[in-house]
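1. Quick one: sequence plus predicted model below, questions after.
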Amino acid sequence: MGDPLSAPAELSFRRYGQDAPPHAHAFDQIVLPRRGVLEMEIDGKGGRVDPGRAAVVPPGARHAFAASGENLFVVADIGGALMRPFEALRERPFAPVTGAVRGLLDYLALSSKGSEAPGAIETGVASLWAPLLLRGLSAAPIHVDLRLARAAALIEARFDQPLTVRDLAAEAGMSQSRFFARFSEVYGTTPHGALSDARLRAAQRLLSDTALSIAEIAVRTGHGDQSGLTKRMKASLGVTPGAWRKNQSSP
C-alpha cells in the first residue's frame, strides 16, 4: 500500500490524466479541487472532485481516478495521529467544499505566488494548513448539494463568459433568490464573487505561465479589457498585472 509518510501531513499540487490504475495507500488522502473535474471511485463508490466537492480516501481503500483537459488539484496526505480526531470524515468519501475550505485553498495559491505548479508544497506550510483543512471539512454539512455543485462547476468551466445569476440558477434548477441565498450560505461568497475569483485565478495563471499580452489575458479571463483586469487585481491583490508578472519571474 505504499510507504508511510515522513511527516504528519504532506501537500502537493497535482495534475491528472486518464485512467490511473486502482491502488491504495497506508495513510488518509484528501483530494481537493482547484481546476477541472476528477472522476473517482473509492472502494466501489463513484463520485467526483469538482468545485463543490473533495474526496476523502481512507487508509487501505482501493481507489482509481481519471481526468481530462486542463486540471489541477491539491492532494493532502494525512498521517494517522493527525487524522485521529477527524476519523468521522472517513464515513463519507465525498465531502462538501465550503467557503472556509475554499479560503484555505486560495491561501495555498497565494503562498505559491499564484503559479500553483505541480509539485510538493513546503512541509512547514503543510503542518499548519492540514489541521485547519480537517477542521473545515469536519464542520461542513453531511450532504453535498448537487444542484449548487453543478452551478459551481459551470463557473469554473465558463468563467470567461458573461454568466448571470439567472444562468447559474437555471443550471442548479432553483429560483434566483433561493439559489443566491443557498450558494452564499454554502460557499461563503456570492455567485458573482465566485465568478470573479475564478476569473482572477485564471488571469494569475496566464500571467505566470504564458507570454500572452495583458490585454489578451483580460479578454480570455472575462475581465473585458486591460483596465478591468488591472482594477480587479489592484483591489484584490494590491498589484497591477504587470507587477504581478514581474514578481513571478523574479528569482
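-> Yep, that arrived. Numbers count the residues shown, from 1 in each chain.
2. now the longest helix that the chain contains, how far from the chain's geometric center?
-> Counting residues, the longest helix in the chain under DSSP state H turns out to be helix 191-209. Centroid displacement of helix 191-209 relative to its chain, using CA atoms, centre = their mean, to the nearest Å, is 12 Å.
3. buried stuff in it?
-> Buried residues in helix 191-209, counted by 16 or more other CB atoms under 10 Å: 191-192, 194-208. Heads up, the C-betas are built off the backbone N, CA and C, glycines and all.
4. Can you show me the strands along this structure?
-> For the chain, the strands defined by DSSP state E cover 9-14, 20-23, 28-35, 38-42, 45-49, 53-57, 63-66, 72-78, 94-96, 119-120.
5. Sheet partners, orientation included, of the first one?
-> In its sheet, strand 9-14 lies beside strand 72-78 (antiparallel), strand 119-120 (antiparallel), with partners assigned from DSSP bridges.
6. Okay, buried residues for stretch 221-230 please.
-> 221, 222, 223, 226, 229, 230.
7. what residues does that stretch touch?
-> 159-162, 195, 199-200, 202-203, 206, 214-215, 217-219, 232, 240-241 (CB atoms under 8 Å, 6 or more residues apart in numbering).
8. Would you mind listing the residues in contact with residue 161?
-> Here residue 161 is in contact with residue 222 (CB under 8 Å, 6+ apart).
9. whoops, residue 172 was the one
-> Residue 172 neighbours (CB under 8 Å, 6+ apart): 147, 148, 150, 151, 179, 183.
10. could these be laid out in TSV, adding pLDDT and neighbour count?
-> Shown next, in TSV, are the contacts of residue 172 (pLDDT from 0 to 100; neighbours: other CB atoms under 10 Å):
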residue	pLDDT	neighbour count
147	89	18
148	88	23
150	87	16
151	91	27
179	96	22
183	90	28
